[in-house]
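K.L.:
Structure for the following, please:
(chains A, B, C and D)
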Amino acid sequence: MDKRNRMAKRVAEYFKPGDIINLGIGIPSLCGNYAPKGVMLHTENGLIGVGPASTGLQNVESFSNANAMRFVPVPGSSVFDSAESFAIVRSGRLAATVLGGLQVSVKGDLANWARPGKTVGMGGAMDLVNGARQVIVTMDLVTKTGEPKILNECTFPLTGKACVSHIVTDQCVIDVVPEGLLLREILEGLAPEDIQKQVEPTLVVAGDLAVMAE
Amino acid sequence: MDKRNRMAKRVAEYFKPGDIINLGIGIPSLCGNYAPKGVMLHTENGLIGVGPASTGLQNVESFSNANAMRFVPVPGSSVFDSAESFAIVRSGRLAATVLGGLQVSVKGDLANWARPGKTVGMGGAMDLVNGARQVIVTMDLVTKTGEPKILNECTFPLTGKACVSHIVTDQCVIDVVPEGLLLREILEGLAPEDIQKQVEPTLVVAGDLAVMAE
Amino acid sequence: MLGKLRAREEIVALFKDGQTIAIGGFANHGTPNELIECVIDSGARHLTLVSNDTGDANLTIGRLVHEGRIDKVFCSHIGMNTETVPLKEAGKIDVTLIPQGSFAERLRCGGSGLGGVLTKTGLGTIAAEGKQIIEVAGETYLLEPALRAEIALVRARTADPLGNLTYRGTSRNFNPLVAKCSDLTIVEADMMVELDEVGLDHIVTPGVFVDMILAR
Amino acid sequence: MLGKLRAREEIVALFKDGQTIAIGGFANHGTPNELIECVIDSGARHLTLVSNDTGDANLTIGRLVHEGRIDKVFCSHIGMNTETVPLKEAGKIDVTLIPQGSFAERLRCGGSGLGGVLTKTGLGTIAAEGKQIIEVAGETYLLEPALRAEIALVRARTADPLGNLTYRGTSRNFNPLVAKCSDLTIVEADMMVELDEVGLDHIVTPGVFVDMILAR
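P.N.:
Below you'll find the model as predicted:
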C-alpha cells in the first residue's frame, strides 16, 4: 500500500458505523475507501451520502462534492442547502472532519488554508474545525524541504484554535491531549527520538506506544 | 352587508393582485372573501395559499391555518417551516398584515395582544407588525363601554412601535402619516367632529375626505 | 445502516424529572401525540417545556399541563389553553413568552451551533426586557439567544430507517426546528418508508439530526 | 396569477454599473450560466459579486472576472480561479473572504430580516478581524452581520409560473439563500412546470421570494 493510502486507512480507524464524516481534498478524500460499513460521507455543498465517482449517464452536474468530483449518492442520502449543511457542521453532528495541514501547534491550533500573503480562501474549513466532534489532520510530518510542521506556535494564518484531535502523519500518529502532544504510534523501525527531532514541541510518549501499520 | 363584513371589504381594497397577505383572527379573517384575484394568503404556521374551509375527506389536520381552521390549499401553494415563514414575514415579503387592535397611538404604536396583567402571548403578532410592508388594523373606533381606542399613548403592552399604516374602523378610515392621524373616509351621515370626539389625538382631516362605503 | 427504531418502553424510560423537552406542533396540529403520552407514562415531573404553545386544555401538548408535569414553559402563547392560563396567573407555571418568529430562530440557533440572532421584532416592547441591544451598521437590534433542550419530540409524516424525515402541509411548522435543537431527538412518524422511497431532494430533516424513531 | 416570465432583453436591461449581484452555485455547479451571460451582455461594470467562489477561469461565475466586470467580491474562496488570484494580489479586485458557513448565514440573515448571527467559527483567526465580539451566557461569539445584494441570480431545477422553485442534488447549495437576500430575484430554471406539478410539500423556495424567471 502506498504512503497516501496507508495514512488514509489509518485515519479511517477512527470511524465507527453510524458516523457522518466530512473529508477534505488530497489524502483525506481517500479515507472513504477504508471506512467501515454504515459510515456516511457529508459534503459541505449540501448532501449526506457521497458515494463512488460517477460515470456515463450518472455523471451529472447535480451530484458533485465540494472538490467538484461527480458521484453517485448512496441509499439513504439526503440533500440540503448550504445553511443547513453548516448547521450540521457547527452543531457537532459530524463525528469527524479529516483535513490536510500546513502546521499544527502544541495546543492543537491548526493552520491549513493559507501561507502568509497567500490567502485565497478558507472555504468551509473554519466551520468544520469549529464544529466537528473530532478534527483529524493528516499530513507529512515535515515539509518537502524538511522543515517541521508540528510547532510550538503556528506561523501561518490559523484555521482554528485548539481544535485538532488527532494528527496522522507518514511516520507516526499523535493525539492532542491536555498535557500537550501524545505520541501514540510510530512506524516499525523508528524510535520516539526519530520523531522528536522532526517536531518543535517536546512530545509525551504514550506508555503503550504502538506500531503504526505499514 | 353587516358591519364586520363591511370593514373586511374596506380593508381588502388595500390589496393588489400578486400580493401575499397575512390575516389575523376575527374581522381580519373575513378579508380573504373580498380580496382581488391573484392575492394569496400566508399563514404563519407555514404555508402560502390558504384557501376555503375544508369539508369531508379534505378536512385533514395537515392543512390548518394559524387559527386552527382547516382549509384546502389553492393552486400554486407552497409549504415551509416556521423559521422560513417568519423569514418571509420579517423581510418585507408580505404586502400587508391585517390585525385587530386594542389601542393605536397617534404615532402608530399598536397594542393588540395583552391587557395589563393579562399577557397570554404575542404569538406571531410582533414579527408581523415589524415585517409586513403595510400594517392594517381593523377595529371598532371605541370600546364596548365607549372608551377611545385611538390614543395619544397606548397604555396596554405594545405589539410594536410606529408600525401601523391604516386603521379601518366601523365609522371611519384613518391613515398614520408623518403629521399624525389623517382622517380619510367617514360613514355617510357622520361629520369629522363626530369622529374627533371619540378619539384622543387631534385628527388631521384629508382635503379629499371621502365617504366610506356602507 | 444502524436502525433507529426503538420500542415504546425504551423511550418511556428516557424521561426524567427536571428535563427540558422541546415539542413540535402548532395549536394541536402536527404534535407528536404518542410521544407526549410516553412522557406522561414515564411519570417525569417538574419539566420545562419548549413549544410554540401549550395546546388546548388536556389535548396534545396540553396533556402535560393537565397532568401537572410542567413547571416552566418557553413559548409564543398559551391563550388557547384554559388550564395553563390560571396556572400562570397563580404562579404555578413560569411562562416565558417569546415572539413566534424569534422563538423559531432561537430554536434554529440552538440546533445550528449559533449563539443567537439579531432581530428588530420586539424592540420597544416587553419582549425586549432583559435582552442585549446590539448596533450593526447604524441599525438597532435585539439579541435573541439560542434555545436548546435535552430531548426533542418530533412529529413527521414519513421516516426512513436512517431518520430522514418529511412532513405534510402545515404539520411541518416547528418540527424541523425542534428536531435540531436538542441533545436527543425522538421522532413519531405517521408512516415508515424505505430508504430513498421519497427521493433525496424531498427530505426535509436529514437523518443526521434524528436519534430514535418510535416503533409501533 | 401574475406571470413572472421575462424576456432575455428585459432582464439584460436591469444590470447597471456599480450594482451588487449575488449568484448561486458552488465550484461551477448549480450556477445560473445564462443569467451570467445576461450580465455580460448588459455591459455593466464595477460590479460587486456575492458568491461562494468565482468559479474557474472564464467558466460560469468566472466569466464575469474574465470579462473585467468585477471590482469587489464577498466569497469563501477564490483559489480555483487562476484569473481572480493574480487580480486580487495586484489589488485590482477587492476580495473579502468569509468562512463558508458564516457566508451562508449572512445571506440568510440578509434575506430574513435579521441583522446578523453569532458564531464561534473564525474566533482567533483573521476572519474575526474588525468584527464585534459578543458574550452570551458566558460564551464568546463573533457577530457576523447580514449581507444583501441588489440583484440575485438563481439556478433552479424547476420553476412554476408563481416562481415556486425546486433544486436537484448538490445544485441546491447556496441558491435558496441567494434567492432571499436581494431586492430583485431572477431565476434561471432548467424546466418550467405547472402549478402544483411538483407538490406543495416539495417546494424549496416559495415563489414569494422570486420576482422574475428568464424565458427561454
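K.L.:
Would you mind measuring from the closest residue to residue C:141 other than its chain neighbours to residue D:66?
P.N.:
The shortest distance from residue C:141 to any residue that is not its chain neighbour, by CB to CB, 6 or more residues apart in numbering or on different chains, is 3.6 Å, and that residue is residue C:118. Placement of C-beta: from N, CA and C, glycine included. Computed as CB to CB, to the nearest Å, the residue C:118 to residue D:66 distance reads 37 Å.
K.L.:
who are the neighbours in contact with residue A:26?
P.N.:
The contact partners of residue A:26, by CB atoms under 8 Å, 6 or more residues apart in numbering or on different chains, come to residue A:100.
K.L.:
Secondary structure class of the residue in chain C that chain B sits nearest to, three-state.
P.N.:
Here chain C gets closest to chain B at one residue, residue C:77, 2.3 Å apart by CB to the nearest CB. Following DSSP: H, G, I helix; E, B strand; the rest coil, residue C:77 is assigned to coil.
K.L.:
Show the contacting residues for it.
P.N.:
Per CB under 8 Å, 6+ apart, neighbours of residue C:77: B:120, B:121, B:122, B:123, C:52, C:53, C:97, C:100.
K.L.:
Let me see the ranges of the helices in chain A.
P.N.:
Using DSSP state H, the helices assigned to chain A run over residues A:3-12, A:82-90, A:125-131, A:192-196.
K.L.:
which other helices and strands contact the longest one?
P.N.:
What that stands for is helix A:3-12. With contacts defined as 3 or more CB pairs under 8 Å, 6 or more residues apart in numbering or on different chains; DSSP states H and E, the packing partners of helix A:3-12 are strand A:135-138, strand A:166-168.
K.L.:
which one of those is the most hemmed in?
P.N.:
Most buried of the helices and strands packed on helix A:3-12 by mean neighbour count (mean count of other CB atoms under 10 Å in any protein chain shown) is strand A:135-138; its value is a mean of 28.
K.L.:
Whether it contacts chain C - can you check?
P.N.:
No. Looking at strand A:135-138 against chain C by CB under 8 Å from any CB of the partner chain, there are no contacts, and the closest approach is 14.4 Å.
K.L.:
And that strand, what does it pack against?
P.N.:
Under the contact rule (3+ CB pairs under 8 Å, 6+ apart), strand A:135-138 is packed against helix A:3-12, strand A:96-99, strand A:166-168.
K.L.:
which neighbours does it have in its sheet, and in what orientation?
P.N.:
When pairing is defined by DSSP bridges, strand A:135-138 lines up against strand A:96-99 (parallel), strand A:166-168 (parallel).
K.L.:
Throw the helices and strands packed on strand A:135-138 into CSV and include mean pLDDT and distance to residue B:80, thanks.
P.N.:
Supplementary listing: those in CSV, determined by pLDDT from 0 to 100; distance: least, CB to CB, whole Å:
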stretch, mean pLDDT, distance to residue B:80
helix A:3-12, 97, 39
strand A:96-99, 98, 30
strand A:166-168, 98, 40
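K.L.:
can you tell me which residues contact residue 6?
P.N.:
Reading this off chain A. Under the criterion of CB under 8 Å, 6+ apart, the contact list for residue A:6 reads A:170, A:213, A:214.
K.L.:
To clarify, I was referring to chain C.
P.N.:
C:186, C:212, C:213, C:214, C:215.
K.L.:
quick one: the closest residue to residue A:4 other than its chain neighbours and residue A:6, what's the gap?
P.N.:
Spatial nearest neighbour of residue A:4, chain neighbours left out: residue A:27 (5.1 Å); criterion: CB to CB, 6+ apart. Relative to residue A:6, residue A:27 is positioned 10 Å away (CB to CB).
K.L.:
so how far is residue B:24 from residue A:103?
P.N.:
With distances defined as CB to CB, the gap from residue A:103 to residue B:24 amounts to 58 Å.
K.L.:
swap that for residue A:102, please
P.N.:
Here residue A:102 is placed at a distance of 57 Å from residue B:24 (CB to CB).
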